[in-house]
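Student: sequence? don't have it. structure:
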């Protein structure tokens, strides 16, 4: 299959399930909402070593937030529920509670399964905290030096999908980076309910499961796609003209959203000249419950297929 | 195959500790040398020849894997198969507690019932009990750190079992085809436990890792376990059940990542937890 004249490999990317929560942070203006969202999702690239995977989904218009202020939606992903709760408390408590003018709302109000983060954080109020219904939500009022911090009692919790990815193989590093940035722009503009957890949405050091040499390591460099190792390894996957490879990693609340975002990433990346091929990271079935077919994803993003 | 027949000279009134009654100790030894091995009757130091009649071949076998020991009337014998490395030990009847303690290899077959602490701190080999077994199968001792229990090997109990099965185990497999009592897999670190029948209370208390499969009814579930998935089969080694299982993770109290499979059909009171997995965004 060719998209915009660039061949897309007939393969799938492997995604796996992680527990996810979505949080809406509102603030006085978009600047403070963005500061709170960015600080609270810092060091959240991969569960390999970070306290959860996290990222900014989008800014929310004041018309659709409960308190009528501008908001930012963030996602946090983790391997199990106890660590997700701990890391959510950590991120909200240290980065949003401290940030001027912010309030925190649940981003998944329809979900039955709850994570009691607000009630845990309310203990910061040292007995002066109050639980009441504000804006139609079950909220805690925590007195702080600025005035009051409002946080919803519980957040929705579901099994999300992490690790949907594409690999962009290009003739030069500049072309590869341009294509990756274009892919990220396309995903940010069109896809919903997904985040791109890595720096700027782009991974330069994709990893494989396990190691060839160091048996105790869980993740090491993806040697098949390293251009400098082309002559040293037997199983290189790079065509001769490829000089650089970037990976786009997408996490989402459901596999359909991730699939469509993968499609948008492919559409965005193939717009840029110099891209040789679009591939995907699959680990021989070792990692994922979910297999996202790239061709299906493109059709879904083009609107040819229903979600 | 060289077979030794062992039977007590008279019925024991007190527990007898036989750490040397095992095939690998018998290899290359004549019967006179075997009779000199030490055993404790109660707290009294005795010789094996004082307590047992042993029938065996005139010329000893040098390969312990060829040796088979058949023991009768062993219900008072403790520490049978202690640190055994190879060969076959068959108990024709019941056996006392601590059989297969620190066992490293070979086969221990018990044709009757086994006492408590069967295969405690086991390090390898196979144990098969054709009847039922007591408490603390493959467990660590009380007061041991988690992970000091069974480390390798397989224990198969065809009947029922007691409480604390696989407590503190680290690896290996324990299979009970009948029912079991409370505290299955308490503070276990790894390994797998299969219970074909029903289980008691506190399954997987303080478990940090490993896998527990319960094919029957569970007497309550700890609140620190949370539902993770619904699967269509669960197995440990060659023992497989093809029905709907709820997969729980825990124990959250110790930040554990143990997997607990509970049959959905036998537990109607928790089967509605499946609905929590359906989430509308």
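Tutor: It's in. Note that the coordinates shown come from a computational prediction; the quantities given were computed from them, not determined experimentally.

Student: for chain B, just list every one of the helices.
Tutor: B:23-26, B:31-35, B:48-51 (DSSP state H).

Student: which of those helices is buried the deepest?
Tutor: helix B:23-26 (a mean of 24; mean count of other C-beta atoms under 10 Å in any protein chain shown). Every residue, glycine included, has its C-beta placed from N, CA and C.

Student: how about residues contacting it?
Tutor: B:4, B:34, B:37, B:56, B:60-61, B:64, B:67-69, B:84-89, B:106 (C-beta atoms under 8 Å, 6 or more residues apart in numbering or on different chains).

Student: could the helices of chain B go into CSV alongside mean pLDDT?
Tutor: Below are the helices of chain B laid out as CSV (pLDDT from 0 to 100):
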stretch, mean pLDDT
helix B:23-26, 90
helix B:31-35, 91
helix B:48-51, 92
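
Student: can you pull the contacts of residue A:39?
Tutor: A:95, A:96, A:99.

Student: err, residue A:36, not the other one
Tutor: A:25, A:27, A:72, A:95, A:96, A:99, A:102.

Student: specify the beta-bridge partners of the second one.
Tutor: By that I understand residue A:27. Beta-bridge pairing of residue A:27 under DSSP bridges involves residue A:70.

Student: so it sits right up against residue A:96, yeah?
Tutor: No - judged on C-beta atoms under 8 Å, residue A:27 makes no contact with residue A:96 at a distance of 9.2 Å.

Student: what do those two both touch?
Tutor: What both residue A:27 and residue A:96 touch, as defined by C-beta under 8 Å, 6+ apart, is the set A:36, A:102.

Student: what's the pLDDT at residue 60?
Tutor: Let's take chain A. Predicted confidence (pLDDT) for residue A:60: 95.

Student: wrong chain, I was asking about chain B
Tutor: 83.

Student: surely it touches residue B:28?
Tutor: Yes - the criterion here is C-beta under 8 Å, and residue B:60 meets it with residue B:28 at 5.4 Å.

Student: residues in chain B within reach of chain A, list them.
Tutor: Proximity of chain B to chain A (C-beta under 8 Å from any C-beta of the partner chain) is limited to residues B:226, B:249, B:252, B:255, B:257, B:275, B:276, B:277, B:279, B:280, B:281.

Student: of those residues, keep whichever come out buried.
Tutor: By neighbour count, with 16 or more other C-beta atoms under 10 Å in any protein chain shown, the residues of chain B next to chain A hold B:226, B:249, B:252, B:257, B:279, B:281 as buried.

Student: the fourth one contacts residue B:204, doesn't it?
Tutor: No - counting by C-beta under 8 Å, residue B:257 stays clear of residue B:204, with 11.2 Å between them.

Student: closest residue of the stretch 101-250 of chain A to chain B?
Tutor: residue A:158 (3.8 Å; C-beta to the nearest C-beta).

Student: return the backbone torsion pair for the residue in chain B that chain A sits nearest to.
Tutor: When scored by C-beta to the nearest C-beta, chain B has residue B:279 as its residue closest to chain A, at 3.8 Å. Recorded main-chain torsions at residue B:279 are phi -130, psi 130, according to degrees, to the nearest 10.

Student: what bridges to the nearest residue to it once chain neighbours are set aside?
Tutor: Nearest residue to residue B:279, sequence neighbours excluded (C-beta to C-beta, 6 or more residues apart in numbering or on different chains): residue A:158, at 3.8 Å. Counting by DSSP bridges, residue A:158 is bridged to residue A:20.

Student: surely residue A:158 meets residue A:257?
Tutor: No - contact criterion C-beta under 8 Å: residue A:158 and residue A:257 do not qualify, at 11.9 Å.

Student: inside helices: which ones of the contacts of residue A:39?
Tutor: Per DSSP H, the contacts of residue A:39 never map to helices.

Student: number of residues surrounding the residue of the stretch 101-250 of chain A closest to chain B?
Tutor: Look at residue A:158: counted by other C-beta atoms under 10 Å in any protein chain shown, it has 21 neighbours.

Student: contacting residues for it?
Tutor: Per C-beta under 8 Å, 6+ apart, neighbours of residue A:158: A:19, A:20, A:21, A:108, A:111, A:113, A:253, B:279, B:281.

Student: at 6 Å instead, please
Tutor: A:20, A:111, B:279 (C-beta atoms under 6 Å, 6 or more residues apart in numbering or on different chains).

Student: now do residue B:266
Tutor: Residues counted as contacts of residue B:266 (C-beta under 6 Å, 6+ apart) are B:216, B:217.

Student: strands of the stretch 151-281 of chain B, start to end?
Tutor: B:154-157, B:173-176, B:192-195, B:211-214, B:226-231, B:234-236, B:239-241, B:245-250, B:258-263 (DSSP state E, counting those that start in this stretch).

Student: mind putting those into JSON lines with distance to residue B:101 and mean pLDDT?
Tutor: Below are those laid out as JSON lines (distance: least, C-beta to C-beta, whole Å; pLDDT from 0 to 100):
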{"stretch": "strand B:154-157", "distance to residue B:101": "12", "mean pLDDT": "97"}
{"stretch": "strand B:173-176", "distance to residue B:101": "15", "mean pLDDT": "97"}
{"stretch": "strand B:192-195", "distance to residue B:101": "19", "mean pLDDT": "96"}
{"stretch": "strand B:211-214", "distance to residue B:101": "23", "mean pLDDT": "96"}
{"stretch": "strand B:226-231", "distance to residue B:101": "35", "mean pLDDT": "92"}
{"stretch": "strand B:234-236", "distance to residue B:101": "23", "mean pLDDT": "94"}
{"stretch": "strand B:239-241", "distance to residue B:101": "24", "mean pLDDT": "94"}
{"stretch": "strand B:245-250", "distance to residue B:101": "29", "mean pLDDT": "93"}
{"stretch": "strand B:258-263", "distance to residue B:101": "25", "mean pLDDT": "95"}
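
Student: of all the ones you listed, which one is nearest residue A:274?
Tutor: strand B:226-231 (43.0 Å; C-beta to C-beta).

Student: tell me the one of the contacts of residue A:158 nearest residue B:166?
Tutor: For the contacts of residue A:158, the nearest to residue B:166 is residue A:20 (32.9 Å; C-beta to C-beta).
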